[in-house]
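>>> Turn this into a model:
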Amino acid sequence: MTAAGPVAGDLPVGELRSRLLHADTVLAGGRQALTGGPFDPLDALRRIVRAVRDSVREHVKV
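Reported below is the predicted structural model:
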């Protein structure tokens, strides 16, 4: 573990796959927002940050 958080080598392969799938889902939502009408880039960034933060909280005991 580094000061910034766990190193990828510290995580099981299944955990890494799960995180990548979650990130892909969040980014797909962002892509839909881009093509679905009026787009607020700050709102999209906030949603991505929230999703990543929530995912990290689930998987890393802080």
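>>> To what extent is Val56 buried, counted in neighbours?
13 (other CB atoms under 10 Å). The C-beta positions use only the backbone N, C-alpha and C, and glycine is treated the same way.
>>> in this structure, which helix or strand is least confident?
Of all helical and strand segments in the chain, the minimum by mean pLDDT, DSSP states H and E falls on helix 41-59, at a mean of 79.
>>> Contacts for that helix next, please.
Gly5, Glu15, Arg19, His22, Ala23, Val26, Leu27, Gly29, Gly30, Ala33, Leu34 (CB atoms under 8 Å, 6 or more residues apart in numbering).
>>> can you give me the offset of the longest helix seen in the chain from its chain's centre?
In the chain, with assignment by DSSP state H, the single longest helix is helix 13-35. Here helix 13-35 is found 7 Å from its chain centre; the criterion is CA atoms, centre = their mean, to the nearest Å.
>>> Between helix 41-59 and it, find me the angle.
Calculated by axes from the mean of the first three to the mean of the last three CA atoms, to 10 degrees, helix 13-35 forms an angle of 160 degrees with helix 41-59.
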